[in-house]
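Chemist: What would the 3D arrangement of this be:
(chains A and B)
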Amino acid sequence: MTYPQKNKSLTHRPDTFGIIGFAREVAAIQGKAFQTPAWLSATRPDYGPSTNVVAAPSVAIDVPELSARYQAVVLSDADGSAVSPINIQTYLARVGVRPISAIVDVTNYLMMVTGQPLHAFDYDKLVALNDGKADIHVRAGKPGESLELIDGRTVDLSDNDIVIANGNVVVALAGAMGGRSTEIDSSTKNIILESATFNLYNLRNTQMRHGIFSEAITRFTKGQPAQLTAPVLAAAIRLLQESAGAMRVSDVADTLTDLPAPIQIEVSVDAINSTLGSKFAAADIVDTLQNVEFAVAIRDDGTSVMVTAPFWRSDIHIAEDIIEEIGRLNGFDSIEPTLPERDFTAVSPDSFDRLRATVRQTLARAGANEVLTYSFVHGDLLQKATLKADNSYRITNSISPDLQYYRQTLTPSLLNLVHANSKAGFEQFALFELNKVHAKSAGMTDDNVPVELDRVGLILADRQQKGAAYYQAKRLIEYLGESLGLQLEFKPLPEATSLLIAQPFEYRRSARVIDVNSGMALGVIGEYKKSVVKNFKLPEYTAGFELLGEGLALAVNKASIAYQPSSRYPSTTRDVCFRVDDSVSYGSIIESLGIASIEEVIVTVQPIDIYQAQGDTQKNVTVRLKLTPYGETLDGESISRIIGTLSSNVVHSVGATII
Amino acid sequence: MAEIDELRTALLARIEASESPRDVLRASEFKQLYAKIPQLDPAERGAYGKQINELKVALETAIDARQSAIEDQLVLPLDITAPWDINGSEPALLPTENGSVHPLSKELERVVDIFTRMGFDAHESRQIDNDWNMFGALNFPEGHPARDGYDTFRTEEGFIPPAHTSTMQNRVLRAGKAKLEAGGQIASISYGRVFRNEDVDATHEHTFYQCEGVFVSDSATLGQMLGTLRAFFEEYYGQKLLIKTQPGYFPFVEPGLEFAIEKPATLGGKPGDWLEMLGCGMIHPNVLRAADIDPEKYRGFAWGGGVERLVMLKYGIEDLRHFESGKLAFLRKFA
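Modeler: Reported below is the predicted structural model:
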């Protein structure tokens, strides 16, 4: 059987990181009872004969949180050059561990079989570092301390590392790797054998900081239980005698800071079945749990079970863990799928989602393509779009400078796509994105996380076209406005503004977009600054807009349906041409018509032509006025009167002449 | 050297007045400075050369500024209220057949629609959050190894771009608590973008989309969870489906499972083909407690899965990187 080095479903199960524990799990899944070998379940084992001619090492766990238990014993007359029996060597090779010598192999073998790592120190080398004494301390590393490891590397120690020291001299990086100075070699005669457990959080830190991913540290970072050190130590003493001739010459030093008492959990049969949706009888539950060596008793009335997990199951704490055990070992597939009940109240889709779906569909209909781009951008991208990086949330652990900053607006990401798509052969296109943006200037929410803002961004570009791209973007946005029931107006953009979405735009060829009905500011539309065009290699004919999602939502909320029944009476149209100064805006002409003042007649205006001859300081704006009466048919005189009124309104407001 | 300073003043003034400022760099007075170098003492050449370079840099900066100023003057303002430019005509919308909605958006809408019809409300998840919502409220103890599997990005302030949509769970549970305690249920979907600090290749992305759900009532069961998920996939794939589960470990559920469906006919599935679709499980009591919901009275289940996978399976898309590439060649394949 191949050994599972990575098993995601058992990553929280330290007991399965030893073959015996894994076999136990497999047996249980197959519905078979498992019996742990007696030597492994002996938490107070017989360590075998000892001559006791040497004092047990003195062991102090200086910082109790760092280790729950540390055991050490001295063995003598070991043959450092002995090799393991062939079956041990092949076993080790099959699980990917190189056989080295009998002494080292025993520690590795037992670790693979039980999940409990062991370490052997050369006793003579160890005591030589401390005037012939074995005075073991389990403590935190001190800044400035370093250790040469068995693999040849020297590591600088920190106070997050756990170290084993003899007196003042560091001899091992606990739980991770032993030190070279006390390494077992072919001349080793005397051994100190360590069987212990260490704080998994410190070891995780050690693992990351020093990049040590040994078999030992992998097991310790799952959290091996303190009770396990004893039976494995006893087994090691026996095996070392058999394969290396080592004899026990001291007592076993056993320092404990925490030996948790077994917890008894009561779970009702009903709780199990109503959580899983199953129909297990109390007897089934008992069988399942006893197969994995849980101690189970049924309450007299048969309604619940009292369960005590074996010591190697440090993952069992609460009733839900027992329920999981029952479900997992019997197979969740044995549970019948059902459906919860509900009433017929309709669930409302989120109104903002509905708005966004409409925006997407409308822009797609208008020939634009939706894109999704990354939320993080390169600092250069912000700069090229004239935004300041210090207003962005910055990622500290990014793998690439392309993912440095949270973007503050969508436009730079869209601008970045234009050149590549243009080069790929697409002459005319519009790209849009609906997504969130973040800026430090937007502040924090009530639960102290950054405010998130929603944006709709669009860029259109055309390699062939000449002229003012602004107007095509305007046409698009008015089409969008119509589909949302909004009437838009366009107001000048100031030269300097702190509005983030406005930054890349050229103020003289851009506008603020306002919803007429609510007065809500919706965003910015226009052509880009020359520097931006250059930086992003945009075609001359490029424009776009960026809208505030929140503003859009509020405006749409306030919009009302505009439907006017057709009139019974015929409409008339008249074209009027106003000659005005160059500086007079089209909007001011329309506004000054005063169409709302004509009673019982609906007047609509359609632009026909805007003409300016070369060198002329004035322009001719032709509009088509459509009169639709609701009271009665209009005769020629009324038509003329109305047209006359409207025209003279314009003449007087903006100084136009009629031609 | 005085002559360089004098020349500097003169050339800068010339740039300021010029309509083609770049030409100033070709001025003979400037070029002559270089010609002087061989005439100097070897000991002085270094310092002189350095001064010329400094002058060049100053001139180039001034030229760039002047160039920008010239270009800026060429910007013609336009009438932002007009329907088209002077002497122009009505601009056309782009051809409608070119337009498209992103396949991920479309699929997300479909997934959300099915869950909505099943009785779940749906909200987009956050794209920046804190440690509490990402880990603490979901039963990941501080410093716990389980946190490692998520490869999270972090900001300077310690905020986290969420690595799973489960960051919304605590808020969703809190928001639904009152309704739950008044005899109702919590049934809610969160969907959105998530981030993992991973290298990008054909099957891995640092930015992708997830959809997750929670259901809490006074009588939720694991059997109901299996039934709910099966019902979703049967509606999504339009056929009856067999399901398969395996144990899975996630700190925020207990029991935890991996959920698979038989490969549907529409994807060319044959008997014995399975698709692992999502992780799921019964909500861990600590997660309910973190939302002030009493786990003795209420139980729930939760599930979560990736969205790109659904799209890739549906269309046979071969490379995950297409989704965020912004390439029209890819996007225009969709409607």
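
Chemist: okay, CA-based contacts and neighbour counts for the rest of this
Modeler: OK.

Chemist: Tell me the helices and strands packed up against the helix ranked longest in chain B.
Modeler: Using DSSP state H, we find that the single longest helix of chain B is helix B:42-73. When contacts are defined as 3 or more Cα pairs under 8 Å, 6 or more residues apart in numbering or on different chains; DSSP states H and E, helix B:42-73 packs onto helix B:2-17, helix B:28-36.

Chemist: Indicate which one of these is closest to residue A:457.
Modeler: Comparing these against residue A:457 with Cα to Cα, the closest turns out to be helix B:2-17 (38.6 Å).

Chemist: Give me the helices and strands touching that closest one, please.
Modeler: Of the remaining helices and strands, those touching helix B:2-17 by 3+ Cα pairs under 8 Å, 6+ apart are helix B:42-73.

Chemist: what angle do the longest helix of chain B and helix B:28-36 make?
Modeler: For helix B:42-73 against helix B:28-36, the angle by axes from the mean of the first three to the mean of the last three Cα atoms, to 10 degrees is 160 degrees.

Chemist: buried stuff in helix B:42-73?
Modeler: B:48, B:52, B:55, B:59, B:60, B:62, B:63, B:66, B:67 (16 or more other Cα atoms under 10 Å in any protein chain shown).

Chemist: Please list the residues of the stretch 501-650 of chain A that sit near chain B.
Modeler: A:508-511, A:530, A:585-587, A:607, A:609-612 (Cα under 8 Å from any Cα of the partner chain).

Chemist: so which of those is the most crowded?
Modeler: Within these, most neighbours by other Cα atoms under 10 Å in any protein chain shown means residue A:510, with 29 neighbours.

Chemist: tell me the contacts of whatever residue of chain A ends up closest to chain B?
Modeler: Proximity of chain A to chain B (Cα to the nearest Cα) peaks at residue A:367, 3.7 Å away. Counting by Cα atoms under 8 Å, 6 or more residues apart in numbering or on different chains, residue A:367 makes contact with A:429, A:430, B:93, B:94, B:95, B:96, B:97, B:98, B:99, B:100.

Chemist: okay, the residues you listed in JSON lines with secondary structure and neighbour count next?
Modeler: Written out in JSON lines, the entries for those read as follows (DSSP: H, G, I helix; E, B strand; the rest coil; neighbours: other Cα atoms under 10 Å in any protein chain shown):
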{"residue": "A:429", "secondary structure": "strand", "neighbour count": "22"}
{"residue": "A:430", "secondary structure": "strand", "neighbour count": "27"}
{"residue": "B:93", "secondary structure": "coil", "neighbour count": "16"}
{"residue": "B:94", "secondary structure": "coil", "neighbour count": "20"}
{"residue": "B:95", "secondary structure": "coil", "neighbour count": "14"}
{"residue": "B:96", "secondary structure": "helix", "neighbour count": "13"}
{"residue": "B:97", "secondary structure": "helix", "neighbour count": "13"}
{"residue": "B:98", "secondary structure": "helix", "neighbour count": "21"}
{"residue": "B:99", "secondary structure": "coil", "neighbour count": "25"}
{"residue": "B:100", "secondary structure": "strand", "neighbour count": "28"}
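
Chemist: For residue A:92, state which of those residues is nearest.
Modeler: The closest of these, once distances to residue A:92 are taken by Cα to Cα, is residue B:100, at 58.8 Å.
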